[in-house]
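S.K.: Sequence below, structure please.
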Amino acid sequence: MPTSSRVRCRAIDVRQPVYDMIAAFEAELDTMSFSDRMRYRSSVSELEDHIRFLLGPAPGAHIPVLIRDQYGQTRWDQAQDATQRVLMIESWDYSDPTQMGVLVHTPRVEEFRGTSIEPLFAYIENNATVMLWPRLTFYWRFLFDNPIDSHFFGGIWPELLGTFYLALGAMLFAVPMGIIAAIYLTEYSRQGMIVSIIRTCINTLAGVPSIVFGLFGLAFFINTMHISPAKSVLAGSLTLGLLVLPVIIRASEEAILAVPRTYKEASLSLGSSRWWTVVTVVLPAALPGILTGIVISMGRAAGETAPIIFTAAVSVGLPLKFWQVFSQPTPALPWNIYNLATEHEAVDLIRHVQYGMVLALVGLVLTLNLAAVILRARVAKKLKG
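M.R.: Reported below is the predicted structural model:
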């Protein structure tokens, strides 16, 4: 059950007098004169709107279609603002033509002074904390539920899964290409102008802004190669793979160069071929450094936003099946964090979702780095043994 539902169930008895007072006043309107009835009608209608926004629909009332309107305020800061709108009427004073307008707050109770609904305002002011203070809880399903109503409720499972697909696809493309390129540059190429130019290009690509890779991925993979009809996880993965490829090449190259030359000379003196020496001697000895570069690159691929804007990311979507990655776009944590923080229709109402996504992304990157440290330590221990 969502947190808002639990809060609503807990506070329903405390909120019931609010609805009872409104119902009693509406019955009282029928006994008033026509002029009084017209005077109070618009005021009580405005009051009901504010209370509905604060506490949600009254028990037994029509349930709105949008889920965001089926509950009251589920965050304390928003509840405080909504309570202020119930208790006070905001107006602007332009009486002084030499100054800007001044915001004036007038107690709303003055409109209903002497009526049966007058005690309502003191009741809300005195019981707002009891009615609206949220219960602290760990909502673990936030990680595994689908989003509901544009992330007003639900979880971030499609974003987590999409980020995993993109990072995994990028590594499947970049790791073999990066290691093969590093082997060629260190073991097979002759040092000369061409190799120097290649290394300069690799270093230059490592410093190119990520948005350039995103535009290249759109132009090359989608518009030229037509690997998918539009945005897709495959196009995004290939673009991210190009982004991290220079880092993997440089890390792998440095790790291979750090292997003592005596290892290779001993293997070659026993009759092993150069390729066999690289596969069985050099790469195992360089594996800790290569793994470090791979995991660092995976963390960067998981956290990049710009390359997937044009190639893979969408704001809202369901979790993809594995075979859909070749033709379908996906939500992803980096893009959705940016989208919810800048372009969402109700940015201030879903700050908690933004913070939850940020925490999930940071946790994902930290987990990858922790896995790299553990794996590197175990590999190094095994090699020493």
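S.K.: So in this protein, where's the weakest helix or strand by average pLDDT?
M.R.: The helix or strand of the chain with the lowest confidence, counting by mean pLDDT, DSSP states H and E, is helix 3-29 at a mean of 69.
S.K.: Could you identify the helix or strand that succeeds it?
M.R.: helix 34-55 (DSSP states H and E).
S.K.: which residues are contacting that next one?
M.R.: With C-beta atoms under 8 Å, 6 or more residues apart in numbering as the test, helix 34-55 has contacts from 15, 18, 22, 25-26, 29-30, 32, 58, 72-73, 79, 82-83, 85-86, 108, 111-112, 115, 117, 131-132. For glycine as for every other residue, the C-beta is placed from the backbone atoms N, C-alpha and C.
S.K.: mind redoing it with 6 Å?
M.R.: 15, 29, 72-73, 82, 85-86, 111 (C-beta atoms under 6 Å, 6 or more residues apart in numbering).
S.K.: what are the phi and psi values for the residue lying closest to residue 147 once chain neighbours are set aside?
M.R.: In space, and not counting its chain neighbours, residue 147 is closest to residue 154: 4.3 Å by C-beta to C-beta, 6 or more residues apart in numbering. When read as degrees, to the nearest 10, the backbone of residue 154 gives phi 90, psi -160.
S.K.: Check the spacing between residue 199 and residue 206 real quick.
M.R.: Distance of residue 199 to residue 206, given as C-beta to C-beta, to the nearest Å: 11 Å.
S.K.: same thing with residue 152?
M.R.: Relative to residue 206, and taking C-beta to C-beta, residue 152 is found at 40 Å.
S.K.: Please say which of the two ends up with more neighbours.
M.R.: residue 152 (19 against 14; other C-beta atoms under 10 Å).
S.K.: right, and that one touches residue 68 too?
M.R.: Yes: between residue 152 and residue 68 there is a contact at 4.3 Å, judged by C-beta atoms under 6 Å.
S.K.: And residue 162, how far from residue 171?
M.R.: 15 Å.
S.K.: same deal with residue 289?
M.R.: From residue 289 to residue 171 the distance is 16 Å (C-beta to C-beta).
S.K.: same question, residue 316
M.R.: For residue 316, the distance to residue 171 - C-beta to C-beta - is 26 Å.
S.K.: Please identify which of these two sits among more neighbours.
M.R.: Between residue 316 and residue 171, counting by other C-beta under 10 Å, residue 171 is the more crowded of the two (22 against 12).
S.K.: How about that one: what's its closest non-neighbour residue?
M.R.: residue 298 (5.6 Å).
S.K.: Show me how the record splits this protein into domains.
M.R.: 3-137, 154-384 (automatic domain parsing).
S.K.: Perfect, that will be all.
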